[in-house]
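# Have a look; sequence and predicted model below, questions after that.
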Amino acid sequence: MVWSWPWLALSGDGESGEVVEFFEEAPATPPFELLHADEEELQIAVVRGFLSAKEVEDVAQMKQHFCLKEIDDRDDELVYRHEVWRMESELKEALPHIYDRLMDHCRALDAELWNEIDIGDRFFPEIEYIVYDVSRLGEPGRIEPHTDNQSQVTVVVMLSHESEFQGGLNYFEPGTERGESRSAKLKRGDAVFFYGDRCEHWISPVVSGRRTILQMESC
């Protein structure tokens, strides 16, 4: 593949998957909704319609077309109930335009909000297909408040229609000293971008149905 963006290049390190190296200045900032915070590192960007309906279907079908590796690498102290499959290499191969867009948005939104990525930095994306299926789990799906170790940019993209599950609202720590926790209700195809290593986040319990997301952490 020939990359048209001068600000990044991609390669594999043979062990941990993809490596992204950023060059030159960040691309133009995409339209986004800001969940304000007094501290720069706690600001959150919500991008509506990050994926089209067709792209959501394409991502959802990847689990059937690839032998994705199911993983269980969460911290032993983290309380969660969901199923996870890694898919960064598969996404890059099958849907490169979506992979590209993820990197593009991460670089641009970081430059706009958090300023953690410098020219020449290397980025190790870990992309996951995550399912909270109450019927399969036999209990509500959940994940408790936590941060993503060393993740400069964390992304959550909603793949389920809001009618397919109840609960599962994205929550973030307060953005002001006396503020309440902030929340983002994502519709199918919407995405939220945040500084995962600094901003504590969680979801409300998924009490029924099936909630599916595409998630990326990067360090």
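Everything's here; your move. Numbers count the residues shown, from 1 in each chain.
# use CA for all of it now, contacts and neighbours both
Fine.
# Around residue 189, how many other residues sit close by?
Neighbours of residue 189 under the rule other CA atoms under 10 Å: 24.
# which SS state does it fall under?
coil (DSSP: H, G, I helix; E, B strand; the rest coil).
# Show me what the strand ranked longest in the chain pairs with in its sheet, parallel or antiparallel.
Taking DSSP state E as the criterion, the chain has its longest strand at strand 201-218. Strand pairing for strand 201-218, determined by DSSP bridges: strand 125-133 (antiparallel), strand 141-146 (antiparallel), strand 154-158 (antiparallel), strand 165-167 (antiparallel), strand 170-172 (antiparallel).
# In CSV: those, plus mean pLDDT, distance to residue 44 and mean neighbour count.
Shown next, in CSV, are the strands paired with strand 201-218 (pLDDT from 0 to 100; distance: least, CA to CA, whole Å; neighbours: other CA atoms under 10 Å):
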stretch, mean pLDDT, distance to residue 44, mean neighbour count
strand 125-133, 95, 19, 23
strand 141-146, 93, 16, 19
strand 154-158, 98, 10, 24
strand 165-167, 98, 20, 17
strand 170-172, 97, 9, 19
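# closest one to residue 95 among those strands?
Minimum separation from residue 95 across the strands paired with strand 201-218 (CA to CA) falls at strand 125-133, 12.8 Å.
# for the residue sitting nearest the centre point of the chain, what are its contacts?
By CA atoms, centre = their mean, the mean C-alpha position of the chain lies nearest to residue 155, the distance being 2.1 Å. Contacts for residue 155 (CA atoms under 8 Å, 6 or more residues apart in numbering) come out as 191-194, 214-217.
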